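Give me a model of this one.
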Amino acid sequence: MTRYSPLERYGLIGNLETCALVNDEGEIEWLPLPHVESSSVFTSVLDAENGGCWRIQPTDSFDSEQSYLDGTNVLRTTFETDSGRVRVTDFMPVRDDGMERAVYREVTAVEGSVELELTFAPRFDYARAESVVESADGGIRVSDGEYPTDDAEFVFLAGGVGFEVDGATVRATWSLSADESTWFVLSHEETGEAAPDACSQRLDRTVDFWREWVHSCPDGCSFDGVHHDLAVRSGLVLKLLTHRETGAICAAPTTSLPENVGGVRNWDYRYNWIRDAAFTIQALANLGHTAEAESYFDWFLNLSHAEHPTQLQPLYGLHGAPDLQERTLDHLSGYRDSSPVRVGNAAKDQRQLDIFGELLLAIFETTDGDEFNPHDWDAIRGIVEHVCDVWDEPDAGIWEVRGGPRHFVHSKVMCWVALDRGLRISDEWGFDAPTGKWEQTRDMIRGEILERGYDDDIGSFVQSYGSKSLDATALLIAIVGFLPFEDGRVQNTIDAIRDRLEADDDGLVRRYDGADGLPGEEGAFVICSFWLVSALALSGRVEEARDVFESVCDHASPLGLLAEEIDPETGELLGNYPQAFSHVGLVNAALYLGMAERGEESVPEAIGK
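The predicted model follows:
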């Protein structure tokens, strides 16, 4: 099998429009252009032989490691050879001042002398289109053969070395001695340049952008100790997944990285899930970044004004596009031969009733009533009214199971949350609402969940009505305020989940047990493990929470990045990477655990009660 890097050996860079994966051997293996949901220019993470990449590394054997510049998304890969040490700095400027869409790579010899090689092999349209290489003023243009028409795809490579064209690939070899540097710029524009002074200015401005944005630490910072750096890095990851123009947030920057290697559980996550985005803005708000909430809700409320709640999809493109037809790219072998490779996502056609509760929860806990006008309230009120009409119908649930609709307990709980937060918004922010109707519906939902969603024989809330399966979402029941933590049913459910869904003795938790309509098994789901931390911490079971938290965090990459899942047997990261849900879970779990350890009894307002 062709070699693939483990996911934990990749770093992520981006410009709030798209992201690139860079492994610790100096290879950019994934880069959709111009947006994260666009087709990729480098796709070797999904087909190492044919996908194309951009590699810069020493010609001699080397050891390497990666790190971020503190407080930034600027990535450094350091190579150690027998003859010297060299560093590659990778970043994408954020286009807030007219800067071009580009990837910058600075290669600097730190000590000794090192010979390096460059391989530049863009493969357009997920490696389906041809690549035509042409010399041009200042560098190399590579296009899909349609250039210069308006629909052509092309990139421009500029650099401080001589390039050689080898078919559809560009190569270079050169040497650097201590304190010497070479710049390269991949531009998604007509031309580009790699003048050292201009490139250094781009680097300085990019570093300044991130350090001005990153979580600061006022007196009494809620994130302390070991939690702090991981929480800060999680915030930087989540910011990378937001779109600077629309405020929409993608669930992950990748597609089809497998949940089980060699299997078919491979999905495209480069879209805005209403649920995931709502959780993400809560986590960012907990880190002190409230502007993202305002931007996201502007995007969503504009969408809601245009569409009736019955027409809202669970997910959209980052520009609001509803058409995300799922299809397979059969010419790609898949990461570690995990096929099919999918683009688009058929979950857009599912009914997922939980999204309304998660959205109302985020609106209530991250914004102020003064920020909303009556027109915005009309959209919110319409969503609550819609929940009144549909809460008792089956759906596909939070996990988007493809085995047919069911009455998922989590979906019912989140419908209760939609009514509860709708009532609170109306009361506290002074908006008119049919409170009698909403209170009656909220109470009906609550009564049904307690009657049909809890199994006395098992001693736990179950996944769906009439089921004996458990679901980790039940860990959220007290966190969202449906029941108090001291309620015996809440504590019984925590214990039952630890007994049946915990994949090992270290707190790695699977999403659910029972069939889900797909072949193969998956790993432990990272956010579920952090939900367990939160539930334990807020229950006063602080020592247990600490043990689970540290165990899960031990599986983060050396850069502090987390994928969707963890293989309990090998510890390797699985699924799309890095995953917003996982970093949301880390931020909130760190906050809850820190509060519990300091003896703070109340749940912070930014998350719920």
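
Can you list the low-confidence ranges for the stretch 501-609 of the chain?
Low-confidence segments of the stretch 501-609 of the chain (pLDDT under 70): 517, 519-520, 601-609.

residue ranges for the strands of it, please.
All strands of the stretch 501-609 of the chain, identified by DSSP state E, counting those that start in this stretch, fall at 524-525, 565-566, 573-574.

Show me where the stretch 301-450 of the chain has its helices.
354-366, 374-390, 409-429, 435-452 (DSSP state H, counting those that start in this stretch).

again with the chain
124-127, 196-213, 226-240, 274-286, 291-306, 354-366, 374-390, 409-429, 435-452, 488-500, 526-538, 542-553, 580-597 (DSSP state H).

wait, which of these is closest to Leu559?
helix 226-240 (7.3 Å; Cβ to Cβ). For the C-beta atoms, the positions are set from N, CA and C on the backbone; glycine is no exception.

tell me the domain boundaries of the protein?
The chain resolves into domains spanning 7-210, 226-597 when parsed by automatic domain parsing.

Determine how far the longest one lies from the middle of the whole chain.
Relative to the chain's own centre, domain 226-597 is displaced by 12 Å; criterion: Cα atoms, centre = their mean, to the nearest Å.

So for Ala589, which of the helices of the stretch 301-450 of the chain sits nearest?
helix 354-366 (16.6 Å).

helices or strands up against that closest one?
Helices and strands touching helix 354-366, by 3 or more Cβ pairs under 8 Å, 6 or more residues apart in numbering; DSSP states H and E, are helix 274-286, helix 291-306, helix 374-390, helix 409-429.

Tell me the buried residues in the third one?
Of the residues in helix 374-390, 376-377, 379-388 count as buried by neighbour count, 16 or more other Cβ atoms under 10 Å.

quick one: that helix to helix 291-306, angle?
If you take axes from the mean of the first three to the mean of the last three Cα atoms, to 10 degrees, helix 374-390 sits at 70 degrees to helix 291-306.

Likewise for the last one?
Between the axis of helix 409-429 and that of helix 291-306 there is an angle of 100 degrees, by the same axes, to 10 degrees.

Pick the most deeply packed of the strands of the stretch 501-609 of the chain.
strand 565-566 (a mean of 30; mean count of other Cβ atoms under 10 Å).

Please dump the helices of the chain into JSON lines; it should also carry distance to Asn15 for every row.
Output for the helices of the chain, formatted as JSON lines (distance: least, Cβ to Cβ, whole Å):
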{"stretch": "helix 124-127", "distance to Asn15": "19"}
{"stretch": "helix 196-213", "distance to Asn15": "9"}
{"stretch": "helix 226-240", "distance to Asn15": "9"}
{"stretch": "helix 274-286", "distance to Asn15": "18"}
{"stretch": "helix 291-306", "distance to Asn15": "16"}
{"stretch": "helix 354-366", "distance to Asn15": "25"}
{"stretch": "helix 374-390", "distance to Asn15": "30"}
{"stretch": "helix 409-429", "distance to Asn15": "34"}
{"stretch": "helix 435-452", "distance to Asn15": "43"}
{"stretch": "helix 488-500", "distance to Asn15": "40"}
{"stretch": "helix 526-538", "distance to Asn15": "26"}
{"stretch": "helix 542-553", "distance to Asn15": "28"}
{"stretch": "helix 580-597", "distance to Asn15": "17"}
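
Which stretch among those helices is buried most, on average?
Scoring the helices of the chain by mean neighbour count under mean count of other Cβ under 10 Å gives helix 526-538 as the most buried, with a mean of 27.

Tell me the helices and strands packed up against that helix.
helix 488-500, helix 542-553, strand 565-566, helix 580-597.

Adjacent strands (with direction) for the shortest one?
If you go by DSSP bridges, strand 565-566 pairs up with strand 524-525 (antiparallel), strand 573-574 (antiparallel).

Outside of that strand itself, list whatever touches it.
Residues from elsewhere that reach strand 565-566 (Cβ atoms under 8 Å, 6 or more residues apart in numbering): 259, 508, 522-526, 529, 552, 555, 572-575.

coming back round to it: can you redo the helices and strands packed on helix 526-538 as CSV with distance to Leu315?
Listed next are the helices and strands packed on helix 526-538 as CSV, based on distance: least, Cβ to Cβ, whole Å:
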stretch, distance to Leu315
helix 488-500, 27
helix 542-553, 26
strand 565-566, 19
helix 580-597, 13
